[in-house]
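only the shape, not the letters, is given here:
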């Protein structure tokens with residue numbers, strides 16, 4: 001299986017979108033094993049007014 005090379009535009013766009021929502025992207029990478037990306041977004045709970 002060959003690696004697919006890109007220019008990183010997708011990750012850059014994703015980072016901008018996630019950060020605009022108050023979140024972050026974490027990455028863990030191991031040589032020869034690949035990378036794992038985690039998107040962390042804040043949870044906003046709406047309060048119901050009675």
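Okay, I see it. Treat the numbers as computed from the prediction; the structure is a model and nothing was measured.

after the strand or helix carrying residue 16, which helix or strand is next?
Per DSSP states H and E: residue 16 is located in helix 9-20. Using DSSP H and E, the helix or strand that follows helix 9-20 towards the C-terminus is strand 24-30.

ok, residues contacting that next one?
For strand 24-30, the surrounding residues in contact (C-beta atoms under 8 Å, 6 or more residues apart in numbering) are 11, 14-15, 18, 35-40. The C-beta positions use only the backbone N, C-alpha and C, and glycine is treated the same way.

which residue in the residues you listed has the weakest pLDDT?
pLDDT across the contacts of strand 24-30 is lowest for residue 11, at 86.

tell me how many other residues crowd residue 38.
Residues near residue 38, counting by other C-beta atoms under 10 Å, number 9.

that one - that's part of a helix, no?
No. According to DSSP: H, G, I helix; E, B strand; the rest coil, residue 38 belongs to no helix; its state is strand.

that one: what's it in contact with?
Contacts of residue 38 by C-beta under 8 Å, 6+ apart are 25-28.

among those residues, which two are most distant?
25 and 28 (11.3 Å; C-beta to C-beta).

counting neighbours, go ahead and name the busier of the two.
Per other C-beta under 10 Å, whichever of residue 25 and residue 28 has more neighbours is residue 25, with 14 against 10.

circling back: got the contacts of residue 38 as CSV, with pLDDT columns?
Output for the contacts of residue 38, formatted as CSV (pLDDT from 0 to 100):
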residue, pLDDT
25, 95
26, 95
27, 93
28, 95
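
and these, which is closest to residue 5?
Using C-beta to C-beta, those come closest to residue 5 at residue 27, 17.6 Å.

what about the closest one, how many residues nearby?
9.

what is it paired to in the beta sheet?
residue 37 (DSSP bridges).

run the chain-centre distance for the helix holding residue 16.
In terms of C-alpha atoms, centre = their mean, to the nearest Å, the centre of helix 9-20 is found 7 Å from the chain centre.
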